[in-house]
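Asks: what's the 3D shape of this:
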Amino acid sequence: MLSLRSRTLAVTAAFALLTGAAACGSDDDAGGDSNEKVTIRFDWWGNPDRAAVTEKAVDLFQTKNPNITVETSYAEFGAYFQKLATQIAGGGAPDVFQMDYRYVREYADRNQLAPLNEGDAKVDTSKVTEQLLSGGTVEDKLYGIPPTQNTQVFNYDPAEWTKAGATAPADGWTWADLSAAAKKVSDASGGKVRGVSDFGGIEDWFEVWLRQQGKTLYTEDGKLGYGAAEVTQWWQLTDGLRRNGAATPAAVTAKIDGSAANDPVTAKTASSGFGYDSGFTPQTWEIMGREMKLSPFPSDSGKLGQYAKPAMMFSIAQRSEHKEAAAKLINFLIGDPEAGEILGMSRGLPANAEIRDKVGASLTGPPMVAFQYEQQVGPKLEQAPPPPPKGAGTVKSTFQRTYDDVIFQRSPIPQAAEKFIGEAERAIAS
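Replies: Numbers count the residues shown, from 1 in each chain. Presented below is the predicted three-dimensional model:
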């Protein structure tokens, strides 16, 4: 359920639609929509759980702003970005839409996003956690504002680990500790339940490991912040877990696509995995079929490597004719106390400090567990890095695809790492 594998494949392909006509967004704005009746469109990605509370919050917004009608739509992550790319290419983007941290620069560089720190599209960021804003900022212009924050997390089945005699994660645990615990879980079940879902092909988790080594995915000038040596070391770590039976086998790993149906942890063929804490909604325990515990990542350096990441962002289309109304909607969703109570943790921990405290006091179930986890790791989280360069989506999908060559033993790890680096450098240079 919480895996990211293959979600970017559809997104990367969808960006091809943003060339040509899509590259010439208009700077014109009809303006003056504060006193006229207008209709704006608001699209987002998510599940029915998120949709229900979002629709409720939008209804409240319309009650408080009777001159503004909001038409809504949502879809699963990959399908959402395919549709968004098509809409933008055709000049029909929603006025307000969710934006992912990894793709904000792609759209901003194509002049498809309105700056949110100036003009009619200006949004109030005074109560938003400051360290999050860098994630939506390109050359001093804010193109995406995070309604919530999240961070990376390791989640595991405490009952399965206890039954296997595996040592539970604790502050200061290491990658070797994870390997030993996961191997115990696999052995205790005769291999029917693997200790951990193979995480080697997910660039997000590689990024945390890199940061633990004092490196980054990208340098400030948009180049790769690592080389083949680091990729080799990472894949040797994760491939070793697969080879000794601690991680899911290649045939299972290759099917992971971000859906609950193909997620080993949800399917109970793995007892643990990595994800983002924003994925813990009120229905998570029901979907997973048991309660999970959350832990920070293991580390061999004493450095956590995790950061406060915009769980997602809200953006306004550059071509929107109703930027003022669009900004009002965003301000409402991130700053209205009643809206905050309705939305809860549906998109992660509220980025607005006042809303966050109120929401946290009333949480139960998985969202409460996620909130407590954020409180635990919060002091150790670093500032979000700036949006990655153009081509980052291709790099991410290439990372996954090349790792498939590793787990199916089609290519030795050093050669696979060199091949990946070559493709990645071409992707961000094009």
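Asks: now Ser320: how far from Arg211?
Replies: 36 Å (Cβ to Cβ, to the nearest Å). The C-beta positions use only the backbone N, C-alpha and C, and glycine is treated the same way.
Asks: Tell me which of these two has more neighbours.
Replies: Per other Cβ atoms under 10 Å, whichever of Ser320 and Arg211 has more neighbours is Ser320, with 27 against 22.
Asks: secondary structure class for that one?
Replies: Secondary structure, DSSP: H, G, I helix; E, B strand; the rest coil: Ser320 is coil.
Asks: what's the distance between Lys268 and Lys192?
Replies: Distance, Lys268 to Lys192, by Cβ to Cβ: 9 Å.
Asks: and these two? which has more neighbours close in?
Replies: A side-by-side neighbour count of Lys268 and Lys192, using other Cβ under 10 Å, places Lys268 first with 15 against 9.
Asks: Which secondary structure state does the more buried one sit in?
Replies: In three-state terms, and counting by three-state DSSP, Lys268 is coil.
Asks: Let me see the contact set for it.
Replies: By Cβ atoms under 8 Å, 6 or more residues apart in numbering, the contact set of Lys268 is Val193, Gly289, Arg290.
Asks: Just list the residues touching the last one, thanks.
Replies: Taking Cβ under 8 Å, 6+ apart as the criterion, Arg290 is in contact with Asp157, Ala159, Lys268.
Asks: Now tabulate those in CSV and tack on pLDDT and distance to Gln372.
Replies: Formatted as CSV, the contacts of Arg290 follow (pLDDT from 0 to 100; distance: Cβ to Cβ, whole Å):
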residue, pLDDT, distance to Gln372
Asp157, 98, 18
Ala159, 97, 19
Lys268, 96, 24
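Asks: Now Asp404: which helix or strand?
Replies: In the assignment (DSSP states H and E), Asp404 maps to helix 392-407.
Asks: Check Pro389 too.
Replies: Per DSSP H and E: nothing holds Pro389, as it lies in no helix or strand.
Asks: Burial check on it, number of neighbours?
Replies: Counted with other Cβ under 10 Å, the neighbours of Pro389 add up to 20.
Asks: Ok, the one 4 residues further on next?
Replies: Counted with other Cβ under 10 Å, residues neighbouring Gly393 total 23.
Asks: How confident was the prediction at it?
Replies: Predicted confidence (pLDDT) for Gly393: 83.
Asks: Let me know the next secondary structure element after the lowest-mean-pLDDT helix or strand in the chain.
Replies: Using mean pLDDT, DSSP states H and E, the weakest-scoring helix or strand in the chain turns out to be helix 7-14, at a mean of 46. Counting by DSSP H and E, the next helix or strand C-terminal to helix 7-14 is strand 38-45.
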